[in-house]
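Participant: can you look at this prediction? I've put the sequence above it.
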Amino acid sequence: MTFRSDIQEKILKILPEESNVTKVEFEGPSVVIYVANPKYIMENSDFIKSLAKELKKHIIIRGDPRIRSPKQNVEKMIRTAVAEAGNEVDSIYFDEQAGEVYIYLKRPTRDRRLEKSILAETGWKPWIIATAFEMSKGLPHDEIDVVNQLQVRMAKERQDFLKNLGYRIHRMPIYSYDNEYVRITCLGACQEVGRSAIYMETKESNIIMDMGAKPTTSTLDEAPALELVDIDKLDAVIISHAHLDHVGFLPYLFKYGYKGPVYMTEPTKYLMEVLLTDYVETAAERGSAPYSMQDIVTALYHTISIDYDEVTDVAPDIKLTLYDAGHEIGSAISHLHIGNGLYNVIYTGDFKYGPSRLLNPAHNKFKRAELLIMESTYGGKNDVQLPRQESEAQLIDILNNTLQRGGKALIPVFSTGRAQEILLVLNEAINSGRLPKVPIYVDGMVLETLNIHMMFPDYLNRNIRDLIYDGVNPFLSEYVKPVERARMPEKRQEQVMDIVQGLPSIILAPHGMLNGGPALDYFVHMADDPKNSLIFVSYQGEGTLGRRLKMGDRKVQVKYYNDELTLDVKMQVFDTPGFSGHSDRKQLMRYVGTMDPKPQKAIILHGEPSKMMNLMLSLELTYRLDSIVLGQLESVRVV
């Protein structure tokens, strides 16, 4: 009996005859069960829970094609049910090949009963997605539409891809369990911040965790070291979150020849499209684009979204579970269970083990954990951030002083995480009278990513989640002024000058390290006025303009459009790192100290060399934890 036949036999034993199972398919990491009586299954969902527990597989139930209701009847039923639930349908798309229906709602909903009732009554498997467009009026939706239309337009090709992948994943391991091994190789982010890429090999499988770009460049010379990887033998790529230093070179991997799956959370998929589109367009303007828009589309086509706490097979010998990393919406810590209980790896990606207005603290409780691969951006002994409350008070004081002297405040932000966090602080400060009622101009990709936060409230902390479900957009207010970036340089100059020469205001714009983007537009025109302020609220990478200004450089050269400018910076420069989405030194140590179970070994990466070494020594001395720092292209065998 084959491995898949054994799974089918267990399904037929566990599910009662009343289910009328007609077919079992393997699509990617999921086992898809077609039934002729979906109503019975939905009314007795404990059978599905028992099945998932027994098989340790992700289960999808679909109605047999012969019992599915006509599409026009299904659409009528959906619109009526959604209206009765107090919501409104934005659009509906049918995937006849898979027997699935995509339902886009104008507002998020907590009600999960709708999915069960649609499947039970119509035989169509529903996927409910909240576009939240009604709650984000005035914000652009183009990037969200691109992702949604792609999954509908390429439904047939996508199902073929998943079926082929399913047969590759759901099989018995080829090799015996004798002489098994696990080897970790650093393709990027070892003794540096940027281009994260960790290569993990077992006797059976090969996986890459993250595929990032350097924050300071988009050239192929700074790409992860793919020459060490046999692309044809690569089983999976796992993306921790959508910041460019973790996902920026993913499309190049497909250009390089990869044809397999990419795993990430659903918010990360949408954010990835926004950030990569901007990245390749900006790089193309400089004549250095490492890949094309078509490569981004290819990466999206191969993306498989998984939820937090959901165990997913990504290879015959590896199960993946993603947990909340607290760094940005959808950011994930990866738990990889290798072999039949052989070894367990925790890869943190970037994480925040502390409270914030937007997100929950990073998860650090696991069933098993032999190896911890941990970031160390703020791993130096002096990298201690102010408590969040003090950081907010400091920011508000700087802003008040700037506005009182008639200046404007430029806050360079990363489009996800910092931007939304700062908006929450500013809106509350104005509403409580701690800041004057001045315009808050929000520019660039921040506008697109605001929508994505509204789409996925379950990935945010309880306070923000409840506000969104109650119909409130916590990021927008009468003071927030969206600025859709004009594409023509002349129009863009006029747009920026209107704001810079206007009344005192606060400006939020990417990129967070001032290495290009809308923030640079404002900086160039604000730098010579001592009434203005530049306020950094996040990490400034080595080699970036932000780092040079933070360290005191006040005469800087900037490439701006086709000109090389030398700026005499007279605006005041401040650094308030307490808003960072990274854990500081105390939080890094506390994360390891409270981790359950304690790991046997740690690999420290994603940090400046001196900080990595300092953190490594502290972990060894404090917790007796065997810790190592890998160099670029170095490997370590952990089993």
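Facilitator: That came through fine. Numbering: from 1, shown residues only.
Participant: confirm that Asp6 sits in a helix.
Facilitator: Yes. If the criterion is DSSP: H, G, I helix; E, B strand; the rest coil, then Asp6 is within a helix.
Participant: where are the low-confidence patches of the stretch 401-550 of the chain?
Facilitator: Residues of the stretch 401-550 of the chain that meet the criterion pLDDT under 70 are absent altogether.
Participant: and the strands in it?
Facilitator: 409-412, 440-443, 480-483, 506-509, 533-536 (DSSP state E, counting those that start in this stretch).
Participant: sketch out the low-pLDDT regions of the stretch 51-200 of the chain for me.
Facilitator: Within the stretch 51-200 of the chain, the stretches with pLDDT under 70 are 138, 175-178.
Participant: about what we covered before: would a markdown table of the strands of the stretch 401-550 of the chain with mean neighbour count and distance to Tyr343 be doable?
Facilitator: Every residue, glycine included, has its C-beta placed from N, CA and C. Below are the strands of the stretch 401-550 of the chain laid out as a markdown table (neighbours: other Cβ atoms under 10 Å; distance: least, Cβ to Cβ, whole Å):
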| stretch | mean neighbour count | distance to Tyr343 |
| --- | --- | --- |
| strand 409-412 | 28 | 41 |
| strand 440-443 | 24 | 45 |
| strand 480-483 | 18 | 48 |
| strand 506-509 | 28 | 44 |
| strand 533-536 | 24 | 40 |
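Participant: want to throw the ones you listed into CSV with distance to Asp563?
Facilitator: Supplementary listing: the strands of the stretch 401-550 of the chain in CSV, determined by distance: least, Cβ to Cβ, whole Å:
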stretch, distance to Asp563
strand 409-412, 20
strand 440-443, 21
strand 480-483, 23
strand 506-509, 20
strand 533-536, 20
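Participant: out of these, which comes closest to Met135?
Facilitator: Relative to Met135, the nearest member of the strands of the stretch 401-550 of the chain by Cβ to Cβ is strand 480-483, separated by 13.5 Å.
Participant: using CSV, write out the CA atom coordinates for that closest one.
Facilitator: Output of strand 480-483 as CSV, limited to C-alpha atoms (Å, rounded to 0.1, in the frame of the first residue of the first chain):
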residue,chain,number,x,y,z
VAL,A,480,-4.4,62.4,8.4
LYS,A,481,-3.9,63.6,4.8
PRO,A,482,-3.1,60.8,2.3
VAL,A,483,-0.6,61.9,-0.5
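Participant: so which of the strands of the stretch 401-550 of the chain gets nearest Gln495?
Facilitator: The stretch from the strands of the stretch 401-550 of the chain with the least distance to Gln495 (Cβ to Cβ) is strand 480-483; that distance is 6.8 Å.
Participant: partners of that closest one in the sheet?
Facilitator: Strand partners for strand 480-483, identified by DSSP bridges, are recorded as strand 440-443 (parallel).
Participant: which residues does the nearest residue to Glu375 once chain neighbours are set aside contact?
Facilitator: Nearest in space to Glu375, with sequence neighbours left out and distances taken as Cβ to Cβ, 6 or more residues apart in numbering, is His606 at 3.9 Å. With contacts taken as Cβ atoms under 8 Å, 6 or more residues apart in numbering, His606 has the following neighbours: Ala189, Glu192, Val193, Ser196, Asp350, Glu375, Ser376, Thr377.
Participant: give me the pLDDT for His606.
Facilitator: The model reports His606 with a pLDDT of 95.
Participant: likewise the one 4 residues further on?
Facilitator: As predicted, Ser610 sits at a pLDDT of 95.
Participant: tell me the contacts of it?
Facilitator: Listed by Cβ under 8 Å, 6+ apart, the contact partners of Ser610 are Gly380.
Participant: surely it is in a strand?
Facilitator: No. With three-state DSSP as the criterion, Ser610 is located in helix rather than a strand.
Participant: what's the distance between it and Asp383?
Facilitator: Between Ser610 and Asp383 the distance, using Cβ to Cβ, to the nearest Å, works out to 11 Å.
Participant: show the average pLDDT along stretch 361-376.
Facilitator: For stretch 361-376, the mean per-residue pLDDT is 97.
Participant: end to end, how far does that stretch reach?
Facilitator: Using Cα to Cα, to the nearest Å, one end of stretch 361-376 lies 17 Å from the other.
Participant: show me what counts as buried in it.
Facilitator: Buried residues in stretch 361-376, defined by neighbour count with 16 or more other Cβ atoms under 10 Å: 361-364, 366, 369-376.
Participant: show me the contacts for Ile440.
Facilitator: For Ile440, the contact set (Cβ under 8 Å, 6+ apart) comprises Leu423, Leu426, Asn427, Ser477, Tyr479, Val480, Lys481, Ser505, Ile506, Ile507, Leu508.
Participant: what are the ranges of the strands in the stretch 201-350 of the chain?
Facilitator: According to DSSP E, counting those that start in this stretch, the strands that the stretch 201-350 of the chain contains are 206-209, 236-238, 262-264, 303-305, 312-315, 318-324, 332-338, 343-347.
Participant: which one of those strands lies nearest to Ile468?
Facilitator: Distances from Ile468 to each of those were compared using Cβ to Cβ; the minimum, 17.0 Å, belongs to strand 318-324.
Participant: what sits up against the closest one?
Facilitator: Strand 318-324 is touched from outside by 56, 202, 205, 207, 235-236, 238, 263, 265, 306-314, 331-338, 359-360, 362-363, 366, 459, with contacts defined as Cβ under 8 Å, 6+ apart.
Participant: now swap in stretch 92-106 and tell me
Facilitator: Under the contact criterion Cβ under 8 Å, 6+ apart, stretch 92-106 has outside partners 34, 62-63, 65, 68, 71, 74-75, 78-79, 82, 87-91, 118, 122-135, 148, 151-152, 155-156, 159.
Participant: domain parsing for the chain?
Facilitator: 3-66, 180-382+583-637, 388-444+484-579 (automatic domain parsing).
Participant: which one of these lies nearest to Leu165?
Facilitator: Nearest of the domains of the chain to Leu165, taken as Cβ to Cβ: domain 3-66 at 4.8 Å.
Participant: can I get the strands of the stretch 201-350 of the chain in CSV with distance to Pro436, mean neighbour count and mean pLDDT?
Facilitator: Converted to CSV, the strands of the stretch 201-350 of the chain look like this (distance: least, Cβ to Cβ, whole Å; neighbours: other Cβ atoms under 10 Å; pLDDT from 0 to 100):
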stretch, distance to Pro436, mean neighbour count, mean pLDDT
strand 206-209, 46, 24, 98
strand 236-238, 46, 25, 98
strand 262-264, 41, 25, 98
strand 303-305, 43, 20, 97
strand 312-315, 50, 23, 96
strand 318-324, 36, 22, 97
strand 332-338, 39, 24, 98
strand 343-347, 45, 23, 98
